[in-house]
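[1] mind looking at a prediction? Sequence and model below.
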Amino acid sequence: MLQGDQLAQLDIASALDVSNSVVVNMLDELEDLGAVRRVRETTDRRRHRIDLTDRGRDLDAELLAPLSKAQASAFREALGTLTVGHDLPGGRSRIRAAESR
């Protein structure tokens, strides 16, 4: 999502290994922060794609500001490793944003 890709709400649930209702609640909070917006798919109005807003990119940058690019990449990789090691949601399949850094 950090590269401008929109993800389907169901794909996010699958990647995080959580129910769609959990993703809906998370997205509600992120939408309230202005970090994401839901975009209805034109081919299937029941489905939404999630778009990271400029505010969402700013929040990501603010969170990782104290780290160098290499440190931020290592941090994301370590989080992925921990989720796999502890069998936490998202450990089996990480969202592309984490892999691209």
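    Yep, that arrived.

[2] what does the residue lying farthest from the centre of the chain show for phi and psi?
    Centroid-distance maximum for the chain: Thr43 at 23.2 Å, with Cα atoms, centre = their mean. The phi and psi torsions at Thr43 (degrees, to the nearest 10) take the values phi -90, psi -20.

[3] residues touching Val39, list them.
    Contact partners of Val39, counting by Cβ atoms under 8 Å, 6 or more residues apart in numbering, are Gln6, His48, Arg49, Ile50, Asp51. C-beta: built from backbone N, CA, C; applies to glycine.

[4] buried ones only from these, please, as a PyMOL command.
    Burial among the contacts of Val39 is assessed by 16 or more other Cβ atoms under 10 Å; the matching PyMOL selection reads:
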select buried, resi 6+48+49+50
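
[5] can you flag which of the contacts of Val39 belong to helices?
    Judged by DSSP state H, the contacts of Val39 include no members of helices.

[6] with pLDDT and distance to Leu82 as extra columns, can I get the contacts of Val39 in TSV?
    Below are the contacts of Val39 laid out as TSV (pLDDT from 0 to 100; distance: Cβ to Cβ, whole Å):
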residue	pLDDT	distance to Leu82
Gln6	79	27
His48	85	29
Arg49	88	28
Ile50	91	24
Asp51	90	28
